[in-house]
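Peer 1: coordinates only, sequence not included:
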């Protein structure tokens with residue numbers, strides 16, 4: 001199954017603790033960022049602006065340093081030109097030098113005249129001006145070093161913040177909504193895209209400071225002689241058009257490039273997860289071709305990006321020298337007419353180069369384009385709304401008495417645009433075990449997810465002891481409702497920590513609780529046979545699929561929640577082990593008070609207090625298994641081997 005970034009598909013969600021998805025994933029309630037007000041890049045701009053404000057002092061310091069460096073680079077040509085004029089006039093007879101400086105060297109409109117006085121640089125001897133030049137050079141070195149350090153630290157802090165924000169947001173949204181992005185796509189967004197977006201605040205500060213150089217160069221030319229500035233300004237519109245065209249074309253290329261990267265990453269993650277199946281089927285070549293199929297697009301857009309940048313650089317390489325030659329030519333005429341000094345001509349040449357610094361601006365724009373397109377991909381993830389969190393707590397009186405009455409009232413829920421659950425009403429009495437059965441695609445897993453608020457219904461309410469789950473705090477919700485899945489993912493450094501991951505703080509010694517939960521899940525015996533028992537590192541524990549499922553059950557049992565939802569969590573267990581686990585689960589005083597079990601075996605439904613028969617997204621009947629077994633259509637559910 002192939003994937004594209006954000007595209008629908010079964011395989012886009014990892015086959016772990018997520019309920020299976022079908023149909024289009026893009027919800028009608030979740031418009032793409034491009035459809036929102038402010039233009040297609042507005043979400044990216046808001047994200048970068050937010051991060052810039054978060055690190056505003058560091059960003060401001062970087063801008064000040066970069067601006068100061070630009071100011072020093074602008075002052076240096078004037079100082080050098082004035083020093084050169086002083087040296088030339090000092091080497092003559094004290095009268096005219098033939099350079100248009102006059103007997104005192106102050107009648108010129110060059111650097112030693114109008115510009116020098118305008119910049120506050122007159123009245124100092126040659127030695128003093130040499131010291132000024134040296135000081136400006138040292139300042140450039142120090143400011144450049146400070147700018148490098150600030151850029152690195154700002155980029156790293158912003159990147160870390162973005163990655164933490166994306167990870168936290170993904171954990172806050174429902175699995176159904178998060179599964180609109182493939183695992184590989186999310187990895188790409190959280191790593192490479194976050195790193196590129198993290199350069200945004202520093203890039204913006206540097207780019208704004210970089211504008212000081214060309215603008216200051218043009219102003220300096222005007223101070224030297226308005227005709228020099230006029231000659232250069234004649235070509236400025238071409239430079240602006242060049243930069244604008246580069247920015248637009250480069251944005252499209254970089255966007256397509258990053259999307260191709262995400263497709264490759266998504267397919268690679270799928271291939272790695274199914275490595276055993278690929279090897280057993282002997283389809284290595286086909287999978288390699290499938291994974292690398294987007295490589296052609298990646299290469300095309302990568303080469304196009306370089307061609308765009310190369311074309312812009314080449315155009316600048318033609319235009320910039322022409323502007324510089326024009327400025328030097330006019331400056332030479334002015335020197336010949338005695339209206340500009342030799343130092344002024346040297347300064348004008350340098351200012352023309354600074355004013356035409358397209359190469360620097362192209363690099364800055366390229367970095368900003370990459371940052372902006374990457375930020376847009378992050379903003380698409382952040383645009384997925386998290387589960388709403390309330391502020392209520394469960395009634396204390398109910399908590400002391402056990403509680404656990406679960407009610408679904410008029411629940412409607414969909415996978416993307418495909419309605420699945422329609423007007424579902426179901427009551428799970430406190431302390432009861434209710435099995436949910438139905439054909440594949442009837443919505444059993446979605447019902448379990450809605451019942452535990454891993455997904456939000458589009459309409460209707462889910463109540464626990466009379467309180468809407470949407471009104472509970474997240475801490476209250478997860479203490480009250482626990483889950484066990486068909487293919488659980490284990491966390492923690494050791495097997496014991498994997499079971500204790502669900503143990504709330506302050507609930508007694510975790511060791512005894514973990515061992516008790518493992519015994520309920522029939523996991524204690526095989527865990528103790530591991531090299532270090534419960535302290536065996538998880539990576540060194542050779543667990544079968546059934547053993548992993550039992551460890552997942554033990555983790556759920558250790559939570560001691562009011563409601564425990566088992567989404568086909570015993571499917572990998574043999575009949576004897578399943579019987580033992582079910583007996584422990586339904587025995588008085590053990591585990592959660594109330595149990596909702598997605599069942600595919602008749603034996604599982606038979607041991608439940610009630611069975612909810614789900615058909616076509618609606619509850620057809622709720623009754624004991626023995627009563628429903630009299631109905632041929634009900635018996636056919638198990639005879640057909642429904643395997644949702």
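Peer 2: Ah, there it is. What you see is a predicted model; the values in this text were computed from it and never measured.

Peer 1: check the offset of stretch 255-269 from the chain's centre.
Peer 2: 14 Å (Cα atoms, centre = their mean, to the nearest Å).

Peer 1: quick one: contacts of it?
Peer 2: Applying Cβ atoms under 8 Å, 6 or more residues apart in numbering, the contact partners of stretch 255-269 are 2-5, 12, 182-185, 187-189, 192-193, 290-295, 297-298, 301-302, 305, 373-374, 376-377. C-betas here are computed from N, CA, C, even on glycine.

Peer 1: next, residue 408: secondary structure please.
Peer 2: Secondary structure, DSSP: H, G, I helix; E, B strand; the rest coil: residue 408 is strand.

Peer 1: tell me how far it lies from residue 346.
Peer 2: Per Cβ to Cβ, to the nearest Å, residue 408 is found 83 Å from residue 346.

Peer 1: same for the longest helix seen in the chain, what does it pack against?
Peer 2: Of all segments of type helix in the chain, defined using DSSP state H, the longest is helix 126-172. Counting contacts by 3 or more Cβ pairs under 8 Å, 6 or more residues apart in numbering; DSSP states H and E, helix 126-172 is packed against helix 42-54, helix 56-91, helix 194-198, helix 200-224, helix 358-382.

Peer 1: just the buried ones from the contacts of stretch 255-269, in PyMOL syntax?
Peer 2: Only the buried entries of the contacts of stretch 255-269 go into this PyMOL selection, using 16 or more other Cβ atoms under 10 Å:
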select buried, resi 3+4+5+12+182+183+184+185+187+188+189+192+193+290+291+294+297+298+301+302+305+373+374+376+377
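
Peer 1: just the ones in helices from the contacts of stretch 255-269, please.
Peer 2: 183-185, 187-188, 290-292, 295, 297-298, 301-302, 305, 373-374, 376-377.

Peer 1: just confirm residue 480 contacts residue 394, I think it does.
Peer 2: Yes: counting by Cβ atoms under 8 Å, residue 480 touches residue 394, with 6.0 Å between them.

Peer 1: overlap in contacts, these two.
Peer 2: 464, 472, 562.

Peer 1: which among those end up buried?
Peer 2: For the shared contacts of residue 480 and residue 394, buried by 16+ other Cβ under 10 Å: 464, 472, 562.

Peer 1: quick check: pLDDT value at the last one.
Peer 2: This points to residue 562. Listed pLDDT for residue 562 reads 87.

Peer 1: checking the spatially closest residue to it that is not a sequence neighbour next. Helix, strand or coil?
Peer 2: Closest residue to residue 562 apart from its sequence neighbours, by Cβ to Cβ, 6 or more residues apart in numbering: residue 404 at 4.1 Å. On the three-state scheme (three-state DSSP), residue 404 is labelled coil.

Peer 1: just checking, residue 154 touches residue 56?
Peer 2: No: here residue 154 does not reach residue 56: they are 10.6 Å apart, not a contact under Cβ under 8 Å.

Peer 1: show me which of the two is the more surrounded one.
Peer 2: residue 154 (24 against 11; other Cβ atoms under 10 Å).

Peer 1: that one and residue 57: what is the separation?
Peer 2: For residue 154 relative to residue 57 (Cβ to Cβ), the value is 10 Å.

Peer 1: quick one, what contacts the residue nearest to residue 158 when sequence neighbours are not counted?
Peer 2: Once flanking residues are discounted, residue 158 sits nearest to residue 198: 4.1 Å by Cβ to Cβ, 6+ apart. The contact partners of residue 198, taken as Cβ under 8 Å, 6+ apart, are 51, 155, 156, 158, 159, 160, 161, 162, 371.

Peer 1: what residue, apart from its backbone neighbours, is nearest the fifth one spatially?
Peer 2: Taking Cβ to Cβ, 6+ apart as the measure, residue 159 lies nearest to residue 198, with 3.0 Å between them; neighbours along the chain are not counted.
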